[in-house]
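Asker: can't give you the sequence, but here's the structure:
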């Protein structure tokens, strides 16, 4: 539980720049990685987005119990989301192509997307970025993770 969910979620903090202030976690489920991100960076305004009412009800309960004033939970599909965020996160919620499409729609012009690609030790294969987007694939190791975490950072060119 700790390694596969909490620590895996905290790795996303490495990719979030100090000046960024808003995050949307697409396909957040019950709040991963969004809730650990909100705890680790209480200065961030975090939006959790998931299609499942049942999962978002659980996320709302967790947010209430943890007293996280910097978290908003929304039930809905990513295609219906309105707004612009500094950071768009994805953890096992969308295929890479769909994640890029969502990133393009939701990220501010200077924003980033952070996609959890793999926890396997080998360098994962990542498709070429579409025009206007750059990719940076980074392996993040940690003394608390049982395997490396590969994160794909997306940026508008």
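Answerer: It's in. Just so it is clear, the structure is predicted and the values come from calculations on it, not from any experiment. Numbers count the residues shown, from 1 in each chain.

Asker: alpha carbons only for contacts and neighbour counts from here, please
Answerer: Will do.

Asker: Contact partners for the residue nearest the centre of the chain?
Answerer: The centre of the chain sits closest to residue 89, judged by Cα atoms, centre = their mean, with a distance of 2.0 Å. Residue 89 sits next to 23-26, 33, 113-115 when contact means Cα atoms under 8 Å, 6 or more residues apart in numbering.

Asker: mind redoing it with 10 Å?
Answerer: 12, 16, 23-28, 32-34, 48, 99, 102-103, 107, 112-116, 153 (Cα atoms under 10 Å, 6 or more residues apart in numbering).

Asker: which is the next helix or strand following the host helix or strand of it?
Answerer: Counting by DSSP states H and E, the element that carries residue 89 is strand 85-91. Sequence order places helix 96-106 as the next helix or strand after strand 85-91, per DSSP H and E.

Asker: Among the contacts of residue 89, name the ones in strands.
Answerer: Taking DSSP state E, the ones among these that sit in strands are 23-26, 48, 107, 112-116, 153.

Asker: pLDDT-wise, what's the bottom of those?
Answerer: Ranked by pLDDT, the ones in strands among the contacts of residue 89 bottom out at residue 116, which has 86.
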